Structures are given as structure tokens and as C-alpha cells.
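> I would like to see how this sequence folds:
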Amino acid sequence: FPVTIPRGVDWVNAYMSALTIVVLAVVYLDLANYYHVLTGGAFLPKHAYFALGAAIAPLLLVRNKLFVSYIFTPYVFWVFAFVVLNFFHWYFLSLDGYADLAGVTITRTQFLMLAVLIGFLLVQVSPIFLGKIFLALAVVLSTLQLIDFFMPGTILPLGTEGVVSGRASATLINANKAAESLVLLAVLGMVVLQPKWRIWLLLIVLPGVFLSFSRSGLLALMLVFIGGFWFNLFSRNAYLVMLA
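Numbers count the residues shown, from 1 in each chain. Got it, this is the predicted structure:
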């Protein structure tokens, strides 16, 4: 984003760093929905995201000038365009009497506004710091996938609705979502790694994606491998590693 990040006081930077870790962990590990399942539906995931939004809100006051610059970035523009599109969906669905579907568009709009708040937090954090978080989450999620596959019932109770026996899904409940999250974490984490280490990150997440048995996830990871070789993102030794 074309935003100039000011140097804030130490407690603000420390608060943003800690909040960034929490936000990315909740999003990429889907911890809100995971806790919803563990509590038998007593806890609603939206409450966790409302809490994250409330935690980010004070930054709007502390960095109000930066926020004004941020809202004129292309990212916020496209989110706003998506909000307008969802408004038309809500309007016509309401006219046609599809109240449930109209409610889905309202929920989607709320998450879009949350995405704007999360984006404002992330543009103020060092990209290297973000990359390290993505790396750590990729390793954690891939490990959880192994545990979920080889030790069923450890992460989620057996018979949990939405969990398919024999497909690892870790805390994301849905195996496809777990694979997609792993691929995204790997792509984002590769940015801060030297070329010789990037192939090893992909090999670390490979078992997690493979044990989800998600066709879309495996295809996406294969495209990442191909793209990495095509654009010379890996070292020459990567070819030998892949061959082995």
C-alpha cells in the first residue's frame, strides 16, 4: 500500500505486533469456528471477530491521519466495490422473499468491513515480521494436520459434524479449507525466505496438504511448485530435492 508508516511510541508498536499474531492465528487456523465446535455451538464465531474489530478500533484514533490515507488505497476501493455489490444482492434477495440468503449477504458485508480494519493493522507492521508469522503458522498447521490424521479425535471429537473420517482438517474442520490455508501460508511465508529454503517450506506443508486429500488444495500446491520453478524462485538444488 502507498502509505507512509510513522514511528509510533513503543507500546503502540508492541500492541500492534501482539494483535497481528492473534489476528492471523484466528484467521488462518479458524480458531473462532474451532472454539464454536468445542463448545457445542454455545460460542458464536462472530463474537471473536467483533472482538478483533474492537481491538483494532483504537488504532483508528492513534493513527487517524494514516487511516485517512489508507482508505484511499486500491485495496479499500475494491472492498467498497464488493460491499456495494453485496448491497444489491441483499436488496433483490429481500424483494424476492429470500430472507435467509439476504442475511448471508449482510454477514459477508460485516466480514468485508472487518477485512478493512485488519488491513489497516497489517499495513503498519513490518513485512518481514508478517512473513515470520506466516512461516510459523504454516509449520503449526502442517503439524496439526499430521496429528489429526494419525491420532484421530485428538484435535476434534470423533463424529464432529463437517469432519470427514480419513481426511485431516485440524482446527479448520473442513479438509479443503485446511489445505487452502496451508497453501496460502506457504506462498506468503516464502517471501521472507532465501531461495534455497523456499523449497523446504513447501515440502514441510506438503504432508499437511496431502493428508487433507483435497484435490483443489493439491492442485494449488502443484501450481505453486511449478510457478516457483518457472519464475526461478528456488535455488538450483531444489531440482535435486524435488527429484528425490
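> how near is the residue positioned nearest the centre of the chain to residue 22?
Central residue of the chain (Cα atoms, centre = their mean): residue 28, 3.5 Å from the mean position. The gap separating residue 28 from residue 22 is 11 Å, by Cβ to Cβ, to the nearest Å. Where C-beta positions appear, they are placed from N, C-alpha and C, glycine not excepted.
> cool, and residue 31?
9 Å.
> follow-up on the earlier one: shared neighbours of residue 28 and residue 22, anything?
By Cβ atoms under 8 Å, 6 or more residues apart in numbering, residue 28 and residue 22 have no common neighbours.
> once you drop chain neighbours, what's closest to residue 143?
Distance criterion Cβ to Cβ, 6 or more residues apart in numbering; nearest residue to residue 143, sequence neighbours excluded, is residue 208 at 7.7 Å.
> quick one: mean pLDDT for the helix or strand hosting the one you found?
Here residue 208, judged by DSSP states H and E, is contained in helix 195-210. In this model, helix 195-210 carries a mean pLDDT of 93.
> heads up, I number from 28, so please use that
New numbering, starting at 28: the last item is helix 222-237.
> now for it, which elements pack on it?
The contact analysis (3 or more Cβ pairs under 8 Å, 6 or more residues apart in numbering; DSSP states H and E) places helix 222-237 against helix 154-177, helix 202-217, helix 242-257, helix 264-270.
> still on that earlier bit, so who does the residue nearest to the centre of the chain touch?
So residue 55 contacts 161, 164, 168, 208, 211-212 (Cβ under 8 Å, 6+ apart).
> quick check: it vs residue 157, distance?
Counting by Cβ to Cβ, the gap from residue 55 to residue 157 is 12 Å.
> returning to what we had before: per-residue pLDDT, the residue nearest to the centre of the chain?
96.
> so the residue nearest to residue 179 when sequence neighbours are not counted: helix, strand or coil?
Sequence neighbours aside, residue 185 is the residue nearest to residue 179 in space, at 6.2 Å (criterion: Cβ to Cβ, 6+ apart). On the three-state scheme (DSSP: H, G, I helix; E, B strand; the rest coil), residue 185 is labelled coil.
> returning to what we had before: how about the helices and strands packed on helix 222-237, which one is nearest residue 226?
helix 264-270 (4.0 Å; Cβ to Cβ).
> pLDDT below threshold where in this structure?
28-36 (pLDDT under 70).
> give me that answer again for 80
Along the chain, segments meeting pLDDT under 80 span 28-37, 263, 265-271.
> distance of the residue nearest to residue 264 when sequence neighbours are not counted relative to residue 268?
Take residue 264 and drop its neighbours on the chain: the residue closest to it by Cβ to Cβ, 6+ apart is residue 223, 6.5 Å away. Residue 223 sits 10 Å away from residue 268, going by Cβ to Cβ.
> next: residue 136.
45 Å.
> the more surrounded of those two?
Taking neighbours as other Cβ atoms under 10 Å, residue 136 and residue 268 compare with residue 136 leading, 18 against 14.
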